[in-house]
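Engineer: Fold the following, please.
(4 chains)
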There are 4 protein chains.
Amino acid sequence: MVTKSKEVPTATLLISCPDQHGLVARVVNFIDANGGGIVHAAQHTDVDSSLFLQRVQFELDSFKLKREEIAPAFDKIAEEMNGSYTLHFSDRPKMAIWVSKQDHCLLDLLWRHRSGELPGEVVAIVSNHTTLQPIAQQYGITFHHIPITKDTKIQQELKALELMAEAGVELIVLAKYMQILSAENMARFPPTINIHHSFLPAFAGAKPYHRAHERGVKIIGATGHYVTADLDEGPIIEQDVTRISHKDSVSDLVRKGKDMERLVLSRAVRFHLENRVLRYGNRTVVID
Amino acid sequence: MVTKSKEVPTATLLISCPDQHGLVARVVNFIDANGGGIVHAAQHTDVDSSLFLQRVQFELDSFKLKREEIAPAFDKIAEEMNGSYTLHFSDRPKMAIWVSKQDHCLLDLLWRHRSGELPGEVVAIVSNHTTLQPIAQQYGITFHHIPITKDTKIQQELKALELMAEAGVELIVLAKYMQILSAENMARFPPTINIHHSFLPAFAGAKPYHRAHERGVKIIGATGHYVTADLDEGPIIEQDVTRISHKDSVSDLVRKGKDMERLVLSRAVRFHLENRVLRYGNRTVVID
Amino acid sequence: MVTKSKEVPTATLLISCPDQHGLVARVVNFIDANGGGIVHAAQHTDVDSSLFLQRVQFELDSFKLKREEIAPAFDKIAEEMNGSYTLHFSDRPKMAIWVSKQDHCLLDLLWRHRSGELPGEVVAIVSNHTTLQPIAQQYGITFHHIPITKDTKIQQELKALELMAEAGVELIVLAKYMQILSAENMARFPPTINIHHSFLPAFAGAKPYHRAHERGVKIIGATGHYVTADLDEGPIIEQDVTRISHKDSVSDLVRKGKDMERLVLSRAVRFHLENRVLRYGNRTVVID
Amino acid sequence: MVTKSKEVPTATLLISCPDQHGLVARVVNFIDANGGGIVHAAQHTDVDSSLFLQRVQFELDSFKLKREEIAPAFDKIAEEMNGSYTLHFSDRPKMAIWVSKQDHCLLDLLWRHRSGELPGEVVAIVSNHTTLQPIAQQYGITFHHIPITKDTKIQQELKALELMAEAGVELIVLAKYMQILSAENMARFPPTINIHHSFLPAFAGAKPYHRAHERGVKIIGATGHYVTADLDEGPIIEQDVTRISHKDSVSDLVRKGKDMERLVLSRAVRFHLENRVLRYGNRTVVID
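Structural biologist: Numbering: from 1, shown residues only, chains lettered A, B, ... in the order given. Predicted coordinates for the structure are as follows:
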């Protein structure tokens, strides 16, 4: 298990570079030489692309470099490795939850947030409806009602994104938002996680439970993925499935699906917040 | 659990008809009036199509009608119900296994056959290669080598089907046969079960493990289905899945997949042989 | 799937008797003769004890007997079959939830209740603490604070049971109640369902997650069961499991366990409320 | 996934020591300084015992030390870390399979062995019966018939262990051996893996399927574990489960159980052969 930031603040490096000799040693030595205690290190080599992916988490209390000095110091190593990296601190990033009318994923995320399961801060709830506003009030979280019509979509999304930027949101969670994001705005979104109610790539698109019922599958699923311009085609973070039978009507699938959606979305969000997800190409490595 | 034919021979009626009042009573009374002890009865109503599906299994030892008299007697009831039905006896139907070069599904079916798990008789193994002939010899089962080229396919299939008919084969199992059956011959096939190495409808067609790896899914599956003219589109009998991660290469997927293929195919075959599968439209009801 | 009471009110007979010829027909005919449309019928014979168990659900709208006439009429048949039975109507029985300080199971049940997943009415929440009182207020449900000490336990339980009786409670759900019920009062409890946070019979008793961690198991579970005088030994209604690894600390087990507890308890409660659970000996048959 | 020995020979260090600063760096540097390319590195800290456990696998082709020089060189580091370690090379260790009369686990292991799934060499099959001798002959593997009676057990085990030693066996797999090993001989056994047909610690001891059926559990399991003097109490390597219902008789549990036993035992054996299992106390860390 990735050591979660508890008492001691930590930094996490997520690195990707062409596979080559001595990569583990180089990164480990950088941290060790600066007095950082390594609390977690894992690496993966994607054989097809000869890509080396590494996650290293280390304690900051004894580290000789200040937070703002780490990236400049590591830039040189990354350049030598011909690689790229991101640096994360064990602070609780700000996140927003975008919803429509269904409450199950929102309530689940808020309960987990309050229970301490999610190492982030929910600072805003955005919706194109007011149905779930009472839940936001009850939890004391800012609620933005951003109604959307076919004609106003692009503009309204931009308005919402401005609010996100003002609030310092680093992660958007689409918790049954039920709207396709505009391709025009895609580049302006911070990392955004969606829950799709099928076992992708099966039943991408609309009404997956109806189509699963019609096709007569014996198992249904849910998929948590990063949002990209290609609908339901973004990098998959987490999936899960549940068994069904002919005895299950579409409404039974919906009921069983809600349980999966809650579990899968919350796991995908947690993995992201724990800095355990490396994206490469259209895939992810989720370090456990 | 459907009571499997043990000491006492049984008959099983698989019935489908438009949903209407009194259906359960009518069938139950037919059997009871003739002195048949019901060992299993289950029914399902498909709400969308208002279709009533029923399975009734009853003991033959005390039944007043002879085997050959049952269908004629039940025809009248079926007509009144405006339904159709099939009648099965707890004999062990003859089956053939069609293979190519991979041995895992064949060996698994033969082992289960010998262990008494499959209530049928394997009377022939058919292959377009001779790779698995030694296994047939070892188990004392007739092996037919029917080589296939693009040009000879239709004819060679017909030749194989003749051999099947001569041997009284009532079920063909495609245990990694790796050939698409000719649409021209489809109507001549007895019920035929295939194993596809993906969680259909995801990754229908060729090289599903490679495509699963490339898409970055977190779970892979296998599907046992009846063969129809539409490739990988036939009624699904059974599916199962297994979790994978970025650490699994394509060859790991193949290894994990083989375990699933064995389990899923053998379950689909057993369900069929136990007369537990009702087909309707492109779906199945599998009575448990 | 058991047809859930929707528009048309239904009655459900849960019958157990010694296995004998003609049982299915006798019950089916009783209902058919009185004009009841059978919406679901299933039976099971326990081979070890030669016990026949049956569930039959039928529509009341066309039934010739009034609700209060059904039991007297069926008594005669039950007597002939040397059996016992219970009769249930598709009304929403009143239920109470007993809790201590943990909120996850309570919140989950209340959410499902509001969503229409649970065909019962939550009329009271009972707790030996006031921690969860705000949740009761929020949902507008009567909250009874019944503090318990070692010395007052038996008396306080009796007080709570009086409140249950006054409210017409037919089912008590122990949703992390964390108190062992007094053997002295056991006979006074209506059907009572508990969630135990282990895969029983493994880790019965206290601190199952700690003991699972110490034993080094690779999978943990949760069990929903009827409460009997023998702690954690009552008839099991539903179980589920989740995979763990050495990377999971005890607190990770607790987190993963909470998800299982919610799912398993809610399923067990739903199965009971849908009149799908037959108890016999220390076991259950859950009709699906 | 642990990189399996393919073309390039590798060495694997399995290390355990008290947790302390700089452990990862020290081991990584030892390998890097000697020119070894690290193909896999993973570590785990057991918080309760402050025990640090590490697995490092590195390529030998460019390594400056010869195989026989590695341990002497690493001894010094291990001493400084106050730790212990084992060193393994990517050779295929010799293994023996001990059986009784049931064939499913034996056949499964032999099939996987032949398919290249198991990086070891099966050099002997030992049995107290001759039932499975034909399988050994068929696969061309030496078969030792070592009959056992209550009185001869200790002596006969010693005889079998001598044969193991002569054949250079480094791993014994009890594939449904159905005999409790003598406590007197336990210390003489090489690492020995057993499959128990229950989800331990539930139903330790005899007849677990009967007891599972009697208890009315809804899920059954199988457990692969190292054998120790305490029956069914050894460190667990792998477990899996499958869902059952009241419809499953004891013989259905046996059938379902066989599928689990095959999967779980083969996984446990593969994990061991890939040098992925670290034992500590009565637990294991299985590096994936």
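Engineer: Break chain A down into its domains, please.
Structural biologist: A:10-89, A:94-286 (automatic domain parsing).
Engineer: of all these, which lies closest to D:Ile172?
Structural biologist: Closest of the domains of chain A to D:Ile172 is domain A:10-89, at 32.6 Å (criterion: C-beta to C-beta). Glycine gets a C-beta too; all of them are placed from N, C-alpha and C.
Engineer: need the domains of chain A in CSV with distance to chain B, can you?
Structural biologist: Compiled in CSV, the domains of chain A are given as follows (distance: least, C-beta to the nearest C-beta, whole Å):
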stretch, distance to chain B
domain A:10-89, 6
domain A:94-286, 3
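Engineer: Check the ones you listed for me: which has the lowest mean pLDDT.
Structural biologist: Looking at those, the lowest mean pLDDT belongs to domain A:10-89 (a mean of 93).
Engineer: do that domain and chain C meet at all?
Structural biologist: No: Domain A:10-89 does not reach chain C (C-beta under 8 Å from any C-beta of the partner chain); its nearest approach is 9.7 Å.
Engineer: distance between the ends of stretch A:281-288?
Structural biologist: For stretch A:281-288, the first and last residues are 20 Å from each other (C-alpha to C-alpha, to the nearest Å).
Engineer: right, I mislabeled it, should have said stretch A:159-172
Structural biologist: Terminal-residue distance, stretch A:159-172 (C-alpha to C-alpha): 14 Å.
Engineer: Save the domains of chain A as JSON lines, and put in mean neighbour count too.
Structural biologist: Below are the domains of chain A laid out as JSON lines (neighbours: other C-beta atoms under 10 Å in any protein chain shown):
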{"stretch": "domain A:10-89", "mean neighbour count": "18"}
{"stretch": "domain A:94-286", "mean neighbour count": "19"}
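Engineer: can you put those in JSON lines and add distance to B:Asn82?
Structural biologist: Output for those, formatted as JSON lines (distance: least, C-beta to C-beta, whole Å):
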{"stretch": "domain A:10-89", "distance to B:Asn82": "57"}
{"stretch": "domain A:94-286", "distance to B:Asn82": "21"}
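Engineer: Can you say which of those is nearest to D:Arg211?
Structural biologist: domain A:94-286 (25.8 Å).
Engineer: Let me know whether A:Gln43 touches A:Leu23 as I believe.
Structural biologist: Yes: under the criterion of C-beta atoms under 8 Å, A:Gln43 makes contact with A:Leu23 at 7.4 Å.
Engineer: between the domains of chain A, which gets nearest to C:Leu60?
Structural biologist: Judged by C-beta to C-beta, the one of those that comes nearest to C:Leu60 is domain A:94-286, at 21.6 Å.
Engineer: Am I right that A:Leu23 is in contact with A:His44?
Structural biologist: No: counting by C-beta under 8 Å, A:Leu23 does not reach A:His44; the two are 11.4 Å apart.
Engineer: and for these two, which residues touch both?
Structural biologist: A:Phe52, A:Gln54 (C-beta atoms under 8 Å, 6 or more residues apart in numbering or on different chains).
Engineer: list the contacts for the residue of the stretch 51-200 of chain A at minimum distance from chain D?
Structural biologist: Closest to chain D within the stretch 51-200 of chain A is A:Ser62: 8.0 Å, counting by C-beta to the nearest C-beta. A:Ser62 makes contact with A:Gly35, A:Gly36, A:Gly37, D:His21 under the criterion C-beta under 8 Å, 6+ apart.
Engineer: cool, and A:Arg262?
Structural biologist: Contact analysis of A:Arg262 by C-beta under 8 Å, 6+ apart lists A:His104, A:Cys105, A:Asp108.
Engineer: which among those residues are in contact with chain C?
Structural biologist: Answer for those near chain C (C-beta under 8 Å from any C-beta): A:His104.
Engineer: Pull up the gap between the closest residue in space to A:Ser127 that isn't next to it in sequence and chain C, please.
Structural biologist: Residue nearest to A:Ser127 in three dimensions, not counting chain neighbours: A:Val99, with 4.9 Å by C-beta to C-beta, 6 or more residues apart in numbering or on different chains. Shown here: A:Val99 relative to chain C, a distance of 15 Å by C-beta to the nearest C-beta, to the nearest Å.
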